[in-house]
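Student: Have a look at this prediction, sequence included:
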Amino acid sequence: MFSSLRIPILWMSALFALAAGTLVSEGASYTVKSGDTLYSIATKNKLSVSGLMKANGITDPRKLRVGQRLTLSSSGSSTRSSSSSSASRVSSVGKGKWVVIDPGHGGRDQGATRSGVRESYLNLRIATKLGEQLRQRGYSVAMTRRSDVFVSLSRRAAIGNQYRNAVFVSIHFNVTRETWVRGVETYYAGSQGRSLAVAIQREMVNRLKVVNRGVRSARFTVLMETKCPAVLVECGFISNSSERNRCASSSYQSMVAIAIAEGITRYGRN
Ligand SMILES: [Zn+2]
């Protein structure tokens with residue numbers, strides 16, 4: 001849904017390839033679209049896969065991204081082309097797309113609290129780190145709160161509805177009386193939110209090695225009142241002592257933020 005069609009560029013390079021007969025001259029480029037492989041791009045442009053990799057400084061052919069610009073050349077491996085390709089890889093993924101991050105609770109509503117660890121604080125920490133990760137991936141980021149203030153649930157959804165072409169991600173932590181319970185779960189309300197929830201949950205479980213409590217449907221206000229794809233991520237149980245200690249550490253919070261950002265990016269490519 002987030003991938004954009006770059007038909008003019010594609011056609012120009014295809015025509016250029018025909019005109020040139022065999023090799024496309026240096027300077028021609030191709031923007032990767034969904035479904036492309038290095039092999040298909042190389043074949044289409046009468047180039048070798050290894051030449052294409054060399055010209056673009058690609059070391060892992062599986063790490064092709066939608067929106068990535070490739071220099072179509074089988075000769076030479078200028079550092080200029082490889083560095084410009086990695087720069088566009090960083091900035092073009094989420095270009096023009098908004099992510100509205102909603103750190104749950106705040107102000108007079110501190111959410112769950114266990115052994116001095118406050119959910120509202122953790123939510124804001126993850127949200128801030130997530131915002132940094134998403135900006136690096138080319139997304140525009142809005143937040144429903146940036147400090148320890150109270151914001152009503154309807155107001156949060158209304159903030160989300162101010163942005164077109166957005167996704168909404170609410171950040172929370174869980175508690176339960178059963179202190180052995182731990183793990184991560186992601187909630188959605190509509191079908192649009194479901195695939196976003198699946199993508200985020202998958203990255204969380206794979207990257208953080210946490211208990212997978214699955215993707216669940218729920219009629220939460222922030223999910224029901226938002227018009228865009230919306231999810232609510234429960235990033236862990238602070239009622240479980242080992243999970244609480246882990247969630248309170250800055251390095252783990254960064255890993256959570258990266259996992260959610262990767263989930264959003266993967267969702268955007270489909
Ligand atoms: Zn909460």
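Tutor: Perfect, I can see it now.
Student: what secondary structure does the residue of the stretch 151-270 of the chain found nearest the ion sit in?
Tutor: Closest contact between the stretch 151-270 of the chain and the ion, by C-beta to the ion, is at His172 (3.5 Å). No exception for glycine: its C-beta is placed from N, CA and C like everyone else's. At His172, secondary structure determined by DSSP: H, G, I helix; E, B strand; the rest coil is strand.
Student: now Lys129
Tutor: helix.
Student: is it true that it touches Ala257?
Tutor: Yes: counting by C-beta atoms under 8 Å, Lys129 touches Ala257, with 3.6 Å between them.
Student: out of these two, which sits in the busier spot?
Tutor: Ala257 (23 against 19; other C-beta atoms under 10 Å).
Student: Where does that one fall, secondary structure wise?
Tutor: Using DSSP states H and E, Ala257 falls within helix 250-269.
Student: Check which helices and strands that helix sits against.
Tutor: The helices and strands touching helix 250-269, judged by 3 or more C-beta pairs under 8 Å, 6 or more residues apart in numbering; DSSP states H and E, are helix 119-136, strand 166-174, helix 191-208, strand 230-237, helix 241-247.
Student: Tell me the residues on the stretch 1-150 of the chain that lie near the ion, please.
Tutor: By C-beta under 5 Å from the ion, the residues of the stretch 1-150 of the chain that approach the ion are 104, 111.
Student: where does the stretch 1-150 of the chain dip in pLDDT?
Tutor: 1-27, 35, 37-43, 45-46, 48-54, 59-63, 73-92 (pLDDT under 70).
Student: Strands along that one, start to end?
Tutor: 29-31, 69-71, 98-103, 113-114, 117-118, 140-143 (DSSP state E, counting those that start in this stretch).
Student: Pull up the pairing partners for the longest one, direction included.
Tutor: The pairing partners recorded for strand 98-103 under DSSP bridges are strand 140-143 (parallel), strand 166-174 (parallel).
Student: so who does the residue of the stretch 151-270 of the chain closest to the ion touch?
Tutor: Neighbour list for His172: 104-105, 111, 119, 123, 232-235 [criterion: C-beta atoms under 8 Å, 6 or more residues apart in numbering].
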